[in-house]
Every structure is written in C-alpha cells, then in structure tokens.
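A.B. asks: I would like to see how this sequence folds:
(2 chains)
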Amino acid sequence: MNFLIGAFKPACNISITFSDGKTRKQVPVKKENGQTVMVPLFQSQENISGKISIEPFQGKKIEHNGVKVELLGQIVRELDVPGDIYERKTYPFEFSTVEMPYETYNGVNVRLRYVLKVTVSRSYGGSIVEYQDFMVRNYSPLPSINNSIKMEVGIEDCLHIEFEYNKSKYHLKDVIIGKIYFLLVRIKIKNMDLEIRRRESTGSGANTHVETETLAKFELMDGAPVRGESIPIRLFLSPYELTPTHRNINNKFSVKYYLNLVLVDEEDRRYFKQQEITIYRLQDS
Amino acid sequence: MIADGVEDEEKWLAAGIAGLQQNAFYMHRALDSNNLRDALKYSAQMLSELRTSRLSPHKYYELYMRSFDELRKLEMFFKEETRRGCSVIDLYELVQHAGNILPRLYLLCTVGSVYIKSKEAPSKDVLKDLVEMCRGVQHPVRGLFLRSYLAQVSRDKLPDIGSEYEGDADTVVDAVEFVLQNFTEMNKLWVRMQHQGPAREKEKREKERSELRDLVGKNLHVLSQIEGVDLDMYKDTVLPRVLEQVVNCKDELAQYYLMDCIIQVFPDEYHLQTLDVLLGAFPQLQPTVDIKTVLSRLMERLSNYAALSADVLPEFLQVEAFSKLNNAIGKVIEAQPDMPILGVITLYSSLLTFTLHVHPDRLDYADQVLGACVRQLSGKGKLEDNKATKQIVALLSAPLEKYNDIVTTLKLSNYPCVMEYLDSETNKVMAAVIIQSIMKNKTRISTADRVEALFELIKGLLKDLDGTLGDEVDEDDFKEEQNSVARLIQMLYNDDPEEMFKIICTVRKHILAGGPKRLPFTVPPLVFSSLKLVRQLQGLEENPFGEEESTTPKKIFQLLNQTVETLSNIPAPELALRLYFQCAEAANDCDLEPVAYEFFTQAYILYEEEISDSRAQVTAIHLIIGTLQRMHVFGVENRDTLTHKATGYSAKLLKKPDQCRAVYACSHLFWVDDQDNMKDGERVLLCLKRALRIANAAQQMSNAARGSSGSVTLFVEILNKYLYFFEKGNPQITVAAILSLIELITTEMQSDTSTPDPAADAFFASTLRYIEFQKQKGGAIGEKYEPVKVTA
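C.D. replies: Residues are numbered from 1 along each chain as shown, chains lettered A, B, ... in the order given. Just a heads-up that it's a prediction; the model follows:
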C-alpha cells in the first residue's frame, strides 16, 4: 500500500513565502470547502514579492520545462528555464505596484479572489501547480460629501413617518445615528426594526441574477408609539460582516447595501422603506 | 394579548421564570470565568423574558424583580471588567450590539451605571443618553418597568449639588431635567396603558394601572429628594413642568394621583409659596377628577404646617393663602359643573378647617366660606344626599370645635343659612351637636340676642319644620332631644335681671311654638329659670333705684301664668298643677297674696276640670295640701276658702283609704307649727275624727264586700297623727283619745274577721315602742307621755 500511495505523491513540495510574511497582517478567509484559513492582506499598488522554494522529495528528480509564477489572470513571471531540479531550489519573485482596484470578495454567487499560482511545467506526468491565496483590501478616505438621508413616507391616513439617517455613506466600523419621527399613527404597531440588506447582482442584461441577504436585524422600537414620538436609532456596524459596496465590478457584478426600516403591526403586516447606503473601508488611523 | 385566565398567566409566569433562571445560570458561569462575550449573550437572553406581553403588570413585576437581582450581579461584573482593563466606553458600545431593544436597553442602563461611577464621562451626559435611548420602548408596561429600572440605577448618581457626580456649574439643572424627562415619558406610557387591549377589560386594566402608579410617582419623590431643588428651582422649573404633564395627559387617574403626589412629596413651604401655580392647575383637570379629596389634603397639610409653628403664619398672610384657596375652589366648582354637591361641601369644609386653624382670629374668613357654601347650595333645595348632609354637619361642627364656644360661632351670619339646607332630621342632629358643645364647654349664653340667634340655629329641635310629622320619630330619641333642649334652657343666664328677663321672653317665644309634644319638656325649665329670676329680684327688692318700668316679680308672674296655662291646653294638667304650685310658692315668698291666690285658683280649676283619674287626684290632693300648708301669705279669708276647698276635695276622693289619708293630711292645714295664728286645734281634731270615721267606714265596706275587715293600717296612721299633734301641744288631743284609739286598734287586730297584716302589726308595734321611748326620754315630753298607759 505504501508503495501505491507513494506513487501518487507529488514529486516535490512547493512553498511560497512573502518577503514581509512575518510582519504582514493576516486575515481569515473562508475557503470553498468551508474551512477558514489565514491569508496575508494586501492593498492595491503594493509590491507583492517573496520566494518560491521547490524541493523534490528524497531521491527524486524533477525534470521540467520551466517554472513560472503568475498573479492569477494578470501577470506572469518566468522563474526558470527548462531543466532539472535535484534539490531544493528557491526563486525570488516580485510583482511591483500591482493594480488591484477591487477588493477580495466572498459572496453568495460571486467570489473575487487574488491568487499566486506557481507552475512547474513538465512534459510528462502533468504540470505541478501550487496556489496561494492572498487578500486585498482597499481603503477609502473620508468622503468629502456625505449627506444625511431624510425622508417622509407614509400610507395615507394610516401612517406617516419621517426618518433620518445621519449619513448616506458609512464605513465598516461606523455607527448609524438617526431617528424616526411619527407624524401620524393609526395602526397598531407592534415593533420596528432596522435591517441591513446586501444585494449582490451578477451577470448583466437578461442574465442578471440578484441575491439579497439580510445581514442585520436590529430592533429599534418595542410597542406602539403615538403621534409625536421620536425614536432614536443607534446601530453599530462593527458586529456585522459587511464589505464595501461594489459597483459594477468588471461589468460582472455589484454588491449594494440597503437600510430597510420595517414596521410590523399587530396583525403581523409589514410596512417598510428601503434606502441604499454606501459602505466603504476607512483606513484605520 | 391579555391572559385568558389566571391559570394561564401562572403558567406563563412560571415559564418566564424558568427561562430567566436557565439563562441566569449560564450567565453566572460566564461571570465566574470572566467570559464577557458569553455574559453578554446570556444576559441578553435572560432579559428577553421581559419581552413577554402575556403577563399582567402584577406578574410582570415578579419577573422584573428577578431580573433586577440578576442585573445587580452583572453590574458588579462590569465594574470588575473595567478594573481588569476593559474600557467602559467599549462596554457601553458592546451591549448596544444586542439585536432586541429591551435587553439592549436594560444592559445599557446597567453599563451606564458603571460608566457614571467610573467618571469617565459626566453623569449628566450618560443620563441624557440613557433617558433618550429608552424612548425605543413604547410598550406601556415594558417601558414603565424599563424606565423604572433607569430611575432606580440612576437615583444615587444624579449630578446633584454636593453629589460626587456634580460637574461644573449648574449640573443640578441636568439632574432635574433627567428626572423630569423620565417622569414625563413614564407618565405618558402609564396613561397610554388604558388603551391597550379590548375595551371590555377596561375596568381590570384601570385597576392594574392603579397598581403601577407608584412607579410614576417615584420620580416626583426623587425630585423632592434632590438637594439642589430649592424653592426657586421648584417654582421655575419643577412645578411648572410637572403640572404641564399632569394637565396635558388629560387622564383622570393620573391627574388625581399625581396632584396628590405633588402635594404629599414636596415641602409645605414650597406649596405655600407656589399656591398660585399649583391651584391654577386644578380647574384645568378633567371634570371627573376627584379634586375635592386632593384639594382637601392640600388644605389639611397647610393647616398642619401652620399648626407646627407660629413663625410660619406671616407667610400665610403674605401669600394670601386663604383668598387664593377660596378663589381656586370657586374656579374648580365653576370648571366642574357636574361636581356633586358633596364635593362642593367637602371643599368648603376643608377650607373652613384651614382658615379656622390658620386664621382663628379671622371670623370674617370663616363667614366668607360659609357664605360661599350657601351660594353653592342655593337653588338646590334641601339636601338629599346622605354623605353631603354628613359633610355639612362636619362643616358646621368645625367652628364649634375650634372655638369651643357657640358665642363665637353665633357671630357667623351665614351659619344659620347653611343649616337651612339640611333636612329636618339632620338639622336636629346639628342642633344636638350645638347643644352638646354648649354643655361640654359650659358656655354661657348671656344675651337675648344670642339666645335668639342660637334658637334660630336649633329650631329643628324647637318646632316641627316643613310640616313633617313627628310620627316617625323614635319616642326615646325625641325625649333625648327635648331633654337636651331643657338642659340648654337652664344654661341661659345673665346676672342682670333686665337682660335675663329678655332672655326668658325670647326663650318663651320660641318654645311656645313647639307644639303639645315639646311643651311638657320645655316649659318646666323655663318656669324654673323664671322663678330663679324672681328669687334673685327678691334679694334686690330693697334696691331703691328699682324703676317703674323695670322687671318686677309681678311681671314675671304674669308671664309665668300665661306660660303654664299653655300646658293645661295640651293637656298636661298634672304638670301644670305642679308648676302652678311652684309659682304660688314663689309668689308666697314674694308676699304677693293675690298672685299666689291666682295660681292656686288656676290649680284648683285644673284639678276640678282636668284631673279626673283617681290616682292622679290622690297625688294632686297631697300636692295641694303640702303646698297650701307652706303658704303664709294668705289672709284668713283666702286661706279658709282654699283650705275648705282642699278638705272638700279630700273627702270626695273615690277610694275610702285615699279619702281617709287625704283628710288626716288636711289636719296639717290648721296647724302650722311656726305660725301661732295658725293653730286651730279644734279643726285639727275634726279632721282626725273625720278620718277615723272614714277608716271605720272603710273597714265596714271591706267586711261587707270581702267578708273580712281590712287592715288596721289606716288606724295606726291616724294614731300617729294623734301622737304628732299631741306632742305639738294641741290641747284638743287628749290622752284619753289616744288610749281609746290604741284600744280600738288592739281590738280590731284581735277580731276574728281581721285579715292578718304583718306590716300593719309591725307599724303598730313600732308606734307603741315610740310612745315608750318618748316616755323614757323624760323631760317635758316624757311627762306629757306619762299618762299614756299602753298595755300591749
């Protein structure tokens, strides 16, 4: 049996290390199989450099047609001309100031990944390939214009409310401050929630596929208010797994966020009003 | 949402407690292992039990109290956590991640408490945030309890003056603002509670609401405890804000409770200095609010405050407390046209008590109150409402109790006007109260004017009002009433005869209208009162300044004659007879022969015409004899006439023994011991002999009718008369006569037909012993008796 297992073993061990691997921030990422692994974090315009070691197993020789490293889908670096590797061989690599305008994104129907791929090409036995995921996060400055969202909505002679969210753009650790002012209440309201919904649309035109998830359900009010009541909103975004808003990435997909104000009456009828907000990543200071 | 049955509710409560305990268990484990994340998770789950809508407030409270205890432990944990380096600001944020609002806010308040204690932020800012955030709970019961929790944890952390949480200038304003805001919101929730659930359970809900009132009232208590709430702040901020909420909530239950609460929790001094504002709120309350009780309590408190120290009295004057209260009551009554008359009277009653306590010297105030009361009563007719009547009695009793003196009360011109509105029954009760007051305090009513006023007040006792018949009146009660009037008449007195005479005339005028049932009670005291005056005048007769027009015994006697005469018309002849004799004796003492004679004449006429009952006749005869015997004013002729008549009446009595006794009693009419011109031994003997004859006749009649002679008692009685006159030296009474009488008795006693009578035997035996005794005494009497040889 041992012999058999040995037969299918890869011929070598490929390891990828980043130049500042020890100091670079690692972030967890969920793989397709559900496992969470820690991957290094980069942002756009950074140099991605490191070393790739290829070490044949004891007594083995790797005959190859060339070794290359790719930043997947974008850049290829040839590391070696065809030849044989008898023992551990290390190749430094570097992709300088890589443009990575889009953040890593793990959605329901869409994933945006950044991967380093090392390929040892062989003429027989197939190429040996090793992948290394890394994550990209891009930071935005404070938006120069960030208006509040203020709106009066209602159902005639039934319910009139005015709500206000202090901003239209929130960063991931932001807090939504606001209030709901009841102008007219003729229904028996049971409670009121504020939901954060993520709308992920993929494809385009007729093939557009939209997936909506409720990421947060935050109770704002318990019981029935009367006319003139003003209910405060204070929702911290940090506990929720949000991402920045993505708009039409490569014409492939969009991720948008909405605040959904939901009032539920005693007959469990829901009255809601949805407002889009922009989520961005603010550089930690 | 409301429980269908008590059983279900018990079940839900049990389930709630179980859920709470389970999560509390996990929470404790997390606390023990310093696991903040789990502590937050389980405490939030635990608090989720408070989200129930199924429990009545009463049961909900039980659940709340258990949560409260658990939250104390959590608060300790939070405190330790901050000591371990966890920032309280982070904690403050962390608890706000909870998805459900109710657990979130309970946790926020709990951390908030730690936050304030840490002093990392000014108390006022944290409190302001907490009280604002609590707006998220709009469910009345849950909101009330949440805010009650906030009030509880913040109580000792207000930025009050002198508190360790006091910040820079004027933070007490923030403390007050915080409590006021929480109070306002709680009250709104509390008022709103009545609209929850089906209308048919309204009554039950109101009961439940009432149980929760102290949660709301507690805030007022907290306000009153804030050191920095001085009079100025109370006047400028606290009171106006609280009243604004009270008035605007337009809820009967809340208004009643909160007004009362304000009055009870804040110092009296503040009330006094803010009377305008406080009283101004009353007319704005809902028309159904029981203002009378609240306002009465205010006045009661102020009265007590005034009673505490005389130092505060000037304050009352300075703020014109009385007129403000008086005006306020007027306005309240105007604003509540449907207020039952009971309420009106209660209000005035309290005001009266107030003014009596605070301004005892201002009778005009008291009279104003009564006057205002009369205005409210006018046009409403007699009071039908039992409670209202009682309240009027209380109102009218107050001045009596205060002054202990009807004389002061009589100065209140509106007093009788109020009494007009009582039904006759209550009028009597009130009159009785007045009389009792006079009796208790031994008040002297010494002028005719006052008597006039007093009798006006108690006229319910003096005559039948509004034609009601006395039929329904209990006989004993009636007697009791009239006896009290009789006692009262005795209390009316003035040393000055002129005034006293006026008093008598006034009394007479009033009581003569009393009708046949009352006169027998009221005439005698009047008569005796008049006779007292006669005797007083007698002593003054020597007064050379006595003027022609002044009061003379004669005048009084004339009046008396007419007065007593009324009794004969009732008829109450026996009583009239006695009174005539009393008058006659008085006239005798005044040496007014014609007057005395006239009284006797009246008495005789009465006897002849009105007294027909034989037993009454016997009594009357002895009265006649007794009185006549004492008269010395009569000349021979008049005396003869009267004596002759008396003996005549005696002999005409129906029963022989009565005749006999009356006749021998007449013997005294001819022998008056201290008057030498009135010793007619012969006629004495005649009487006694005649008595003997009658006694004999009585014996014979008895023999004939019953076959046995009667007792010898009569003979022994006559023997005693013989002995009396013998001793007095009547020459007509001889030893022989005595001896023969003794023999006669002895024979009679031994006769076969005689009926044994031990009493008579004993009487006789003791009479004989008396003779022996007199003999042995020796001296003149002994000698006199010596010849009386008795062989028994």
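A.B. asks: Only the buried residues of stretch B:360-379, if you could.
C.D. replies: By neighbour count with 16 or more other Cβ atoms under 10 Å in any protein chain shown, stretch B:360-379 contains the buried residues B:363, B:365-374, B:376-377. Glycine gets a C-beta too; all of them are placed from N, C-alpha and C.
A.B. asks: Show me those that map onto helices.
C.D. replies: Secondary structure of the buried residues of stretch B:360-379 is defined by DSSP state H; positions in helices are B:363, B:365-374, B:376-377.
A.B. asks: Worst mean pLDDT across the helices and strands of chain B, which element?
C.D. replies: Using mean pLDDT, DSSP states H and E, helix B:406-410 stands out as the lowest-scoring helix or strand of chain B, at a mean of 79.
A.B. asks: What are the contacting residues of that one?
C.D. replies: Judged by Cβ atoms under 8 Å, 6 or more residues apart in numbering or on different chains, the contacts made with helix B:406-410 from elsewhere in the structure are B:363, B:399-400, B:403, B:415, B:434, B:437-438, B:443, B:445, B:450, B:453-454, B:457.
A.B. asks: how about a cut-off of 10 Å?
C.D. replies: Residues from elsewhere that reach helix B:406-410, judged by Cβ atoms under 10 Å, 6 or more residues apart in numbering or on different chains: B:360, B:363, B:366, B:396-403, B:415-416, B:434-435, B:437-438, B:441, B:443-447, B:449-454, B:456-458, B:488, B:491.
A.B. asks: next helix or strand past it?
C.D. replies: Counting by DSSP states H and E, the next helix or strand C-terminal to helix B:406-410 is helix B:415-419.
A.B. asks: what about B:Ser650, how many residues close to it?
C.D. replies: Using other Cβ atoms under 10 Å in any protein chain shown, the number of residues around B:Ser650 comes to 28.
A.B. asks: about what we covered before: name the nearest of the buried residues of stretch B:360-379 relative to chain A.
C.D. replies: If you rank those by distance to chain A using Cβ to the nearest Cβ, B:Gln376 comes first, at 38.9 Å.
A.B. asks: How about the closest one, nearest residue that isn't a chain neighbour?
C.D. replies: Closest residue to B:Gln376 in three dimensions, ignoring its sequence neighbours and counting by Cβ to Cβ, 6 or more residues apart in numbering or on different chains: B:Val344, at 4.8 Å.
A.B. asks: Kindly report the same for B:Glu81.
C.D. replies: With sequence-adjacent residues excluded and distances taken as Cβ to Cβ, 6+ apart, B:Glu81 is closest to B:Leu36, at 6.2 Å.
A.B. asks: what does B:Lys645 give?
C.D. replies: The shortest distance from B:Lys645 to any residue other than its chain neighbours is 5.9 Å, reached at B:Tyr604 (Cβ to Cβ, 6+ apart).
A.B. asks: Pretty sure B:Ile624 is one of the things that neighbour touches, is it not?
C.D. replies: Yes. The pair B:Tyr604 / B:Ile624 is scored as a contact, 7.7 Å apart, by Cβ atoms under 10 Å.
A.B. asks: For the stretch 101-250 of chain A, just list every one of the strands.
C.D. replies: Secondary structure of the stretch 101-250 of chain A (DSSP state E, counting those that start in this stretch): strands located at A:105-106, A:111-112, A:114-121, A:128-136, A:149-155, A:159-165, A:169-171, A:175-185, A:189-202, A:209-222, A:230-236, A:246-249.
A.B. asks: Generate CSV for the ones you listed, with mean neighbour count and mean pLDDT as supplementary columns.
C.D. replies: As requested, the strands of the stretch 101-250 of chain A are arranged in CSV below (neighbours: other Cβ atoms under 10 Å in any protein chain shown; pLDDT from 0 to 100):
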stretch, mean neighbour count, mean pLDDT
strand A:105-106, 16, 90
strand A:111-112, 16, 88
strand A:114-121, 19, 90
strand A:128-136, 18, 90
strand A:149-155, 13, 94
strand A:159-165, 19, 96
strand A:169-171, 21, 97
strand A:175-185, 18, 96
strand A:189-202, 20, 95
strand A:209-222, 17, 95
strand A:230-236, 19, 97
strand A:246-249, 14, 90
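A.B. asks: With chain B as the reference, name the closest of those strands.
C.D. replies: When the strands of the stretch 101-250 of chain A are compared by Cβ to the nearest Cβ, strand A:209-222 sits nearest chain B, at 4.3 Å.
A.B. asks: So which residue is dead centre in chain A?
C.D. replies: Closest to where the C-alpha atoms of chain A average out (Cα atoms, centre = their mean) is A:Tyr105, at 2.9 Å.
A.B. asks: Can you give me the distance of that one to A:Asp84?
C.D. replies: With the distance defined as Cβ to Cβ, to the nearest Å, A:Tyr105 ends up 41 Å from A:Asp84.
A.B. asks: before we move on, what about B:Met186?
C.D. replies: 86 Å.
A.B. asks: Which one's more surrounded, the two?
C.D. replies: Ranked by neighbour count (other Cβ under 10 Å), B:Met186 and A:Asp84 place B:Met186 first, with 27 against 9.
A.B. asks: in what helix or strand does the more buried one lie?
C.D. replies: Under DSSP H and E, the secondary-structure element containing B:Met186 is helix B:171-192.
A.B. asks: Which elements pack onto that helix?
C.D. replies: For helix B:171-192, the helices and strands in contact under the criterion 3 or more Cβ pairs under 10 Å, 6 or more residues apart in numbering or on different chains; DSSP states H and E are helix B:123-133, helix B:140-154, helix B:202-211, helix B:213-225, helix B:231-233, helix B:239-249, helix B:252-265.
A.B. asks: ranking those by burial, who's on top?
C.D. replies: Most buried of the helices and strands packed on helix B:171-192 by mean neighbour count (mean count of other Cβ atoms under 10 Å in any protein chain shown) is helix B:140-154; its value is a mean of 24.
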